[in-house]
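Peer 1: I need the structure of the sequence given here:
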Amino acid sequence: MKPVRSLFLSGLFLLMLLAAFLWLYPQMPALVAVHWNAHGQINGYMTPIKAVATPMLVMAGLGLLTVVLPAISPRGFEIKPFVSVFVVLMLAIQAFVFVATLGILLNAAGHPVGKLVIRMLPVGVLLMILGNYMGKLRKNFFMGIKTPWTLASDEVWERTHRVGGRIFMLAGLIVVIAALLNAPIMFSLCVILGAALIPVAYSYVVYRRVQHHH
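Peer 2: Okay, here's the model as predicted:
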């Protein structure tokens, strides 16, 4: 899919979220829970309008970046060679914001499905999608595992993203299962942290090996 065509789906996400908000608004309290700590306790509230307007602005910004970033990527780090993958991942991130926000709105309106969505379920699904496509990313400044070692070597970038993709998919599956089993949020956060740090360390190890062989 071309970046410009993705604007249609971005607009569709925004319209669906707005429609859901207008449907649920009469059932919402004056303040909506929008943030929870690692123990699952509410520690952030917004008015219903702000709770939907903020993520809609984020989604609109991501939609615009989907078009702009491929056009401004510098030589040697172009997005165009893998632009279709880039577009899919940017849409996946927008879909994540859409689903997470919808979960918050449903939860505020007293619908049971909202409680399932806010328990890290969308995060796990997003990790699995990112992991599935990560190995197809090529060296760039905007998306992927960007460490000094991956940016210094095409081989390190490719090997790190192949391994990182598998780690993200496994971590995402664990987070999804944990959400369905109502496991503590802290457990899922630890899994996500591990999935983020392991590829970084791996990129350094691979870089040292590549440099040694050269």
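
Peer 1: hey, let's count contacts and neighbours off CA atoms from now on
Peer 2: OK.

Peer 1: Can you tell me which residue is spatially central in this structure?
Peer 2: Ile93 (4.4 Å; Cα atoms, centre = their mean).

Peer 1: Show me what secondary structure element comes after the worst-scoring helix or strand of the chain on mean pLDDT.
Peer 2: Here the helix or strand of the chain ranked lowest by mean pLDDT, DSSP states H and E is helix 112-117, holding a mean of 69. Next in sequence after helix 112-117, counting helices and strands by DSSP states H and E, comes helix 121-134.

Peer 1: how much distance is there from that following helix to the middle of the chain?
Peer 2: Here helix 121-134 is found 7 Å from its chain centre; the criterion is Cα atoms, centre = their mean, to the nearest Å.

Peer 1: Give me the average confidence score over that helix.
Peer 2: Averaged over helix 121-134, pLDDT sits at 95.

Peer 1: so what secondary structure elements neighbour the next helix or strand after it?
Peer 2: Of the helices and strands lying after helix 121-134 in sequence (DSSP H and E), the nearest is helix 148-152. On a contact count with 3 or more Cα pairs under 8 Å, 6 or more residues apart in numbering; DSSP states H and E, helix 148-152 meets helix 154-180, helix 185-213.

Peer 1: Measure how the first one sits relative to helix 185-213, angle-wise.
Peer 2: Using axes from the mean of the first three to the mean of the last three Cα atoms, to 10 degrees, the direction of helix 154-180 lies 170 degrees away from that of helix 185-213.

Peer 1: Run through the neighbouring helices and strands of helix 154-180.
Peer 2: Using 3+ Cα pairs under 8 Å, 6+ apart: helix 154-180 touches helix 121-134, helix 148-152, helix 185-213.

Peer 1: buried set for the longest one?
Peer 2: By neighbour count with 16 or more other Cα atoms under 10 Å, helix 185-213 contains the buried residues 185, 187-188, 191-192, 195-196, 199-200, 202-204, 206-207.

Peer 1: Gly11: which of these is nearest?
Peer 2: Closest approach to Gly11 among those (Cα to Cα): Ile192, at 29.7 Å.

Peer 1: okay but Asn107 is in contact with Arg119, surely?
Peer 2: No: Asn107 is beyond contact range of Arg119, at 11.0 Å (criterion: Cα atoms under 8 Å).

Peer 1: So for these two, which sits in the more crowded spot?
Peer 2: Arg119 (25 against 21; other Cα atoms under 10 Å).

Peer 1: Against Trp23, how distant is the spatially closest residue to the more buried one that is not a sequence neighbour?
Peer 2: Of all residues beyond its chain neighbours, the one nearest Arg119 is Ala179 (5.4 Å), with distances taken as Cα to Cα, 6 or more residues apart in numbering. Applying Cα to Cα, to the nearest Å, the value for Ala179 to Trp23 is 27 Å.

Peer 1: Those two: which is more packed in?
Peer 2: Applying other Cα under 10 Å to Ala179 and Trp23 shows that Ala179 carries more neighbours, namely 23 against 11.

Peer 1: Would you agree that one is in contact with Pro122?
Peer 2: No: the pair formed by Ala179 and Pro122 falls short of the contact definition of Cα under 8 Å, at 9.3 Å.

Peer 1: what distance separates stretch 187-200 from the centre of its chain?
Peer 2: Averaging C-alpha positions (Cα atoms, centre = their mean) puts stretch 187-200 14 Å from its chain's average.
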